[in-house]
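Student: let's see this in three dimensions:
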Amino acid sequence: MSPLRRRMIEDMQIRNLTANTQRVYVAQVVHFACHFRKSPDLLGPAEIRTYLIHLTRERRLAASSVIVAVSALQFFYTVTLKRPWVVADDIPAGRQSKKLPVVLSQDEVARFLGAVNNPKQRMVLTVCYATGLQISEAVRLNTGRDRQQTHGHPG
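Tutor: Numbering: from 1, shown residues only. Next comes the predicted model:
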């Protein structure tokens, strides 16, 4: 392991970045260096811009993937190499496409709920759908009776 890579990993550990983030950031910097066949500390903003154009035009990466590359390179240059670099000066912020949620038709909802045989389960699903609850919200639902039982009251 090169001293530069070790230093970057130590910098990420000091900042308590997750192991996955550390792995991804190191990989991004390695890809960047391999693209130019030079050590990343010999490259700068002009090469970063060229590389990001390569990622978007030739590799056709999604905006979210390009943002990860920018974040990794920004960390490497500003934290590990301690070079002043205002990313916005050289790289305009990418826009992520917003995906609209899939909305079921009335017929699809009716068929879905009609396929549930258990009346209690159908009622729970109907309430969830009608109120727009997310899964995490739905699993925390309880009835007044459940609350009484959890607080030691007779039900």
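Student: spatially central residue for this protein, please.
Tutor: Ranked by distance to the mean C-alpha position of the chain (Cα atoms, centre = their mean), the top residue is residue 64 at 7.9 Å.
Student: let me know the helix or strand that that residue is in.
Tutor: helix 63-75 (DSSP states H and E).
Student: let me see the contact set for the residue lying closest to residue 13 once chain neighbours are set aside.
Tutor: Leaving out its chain neighbours, the residue that sits closest to residue 13 by Cβ to Cβ, 6 or more residues apart in numbering is residue 22, at 7.2 Å. Every C-beta, even on glycine, is put in place using the N, C-alpha and C of the backbone. Residues near residue 22 by Cβ atoms under 8 Å, 6 or more residues apart in numbering: 9, 12-13.
Student: re earlier: and the helix holding residue 64, what's buried?
Tutor: Within helix 63-75, the residues scored as buried using 16 or more other Cβ atoms under 10 Å are 66, 68-70, 72-75.
Student: quick one: low-confidence ranges for the protein?
Tutor: Along the chain, the parts satisfying pLDDT under 70 run over 86-98, 143-155.
Student: which stretches of it form helices?
Tutor: 3-14, 19-36, 45-57, 63-75, 87-90, 106-114, 119-131, 135-138, 144-150 (DSSP state H).
Student: cool, thanks, signing off.
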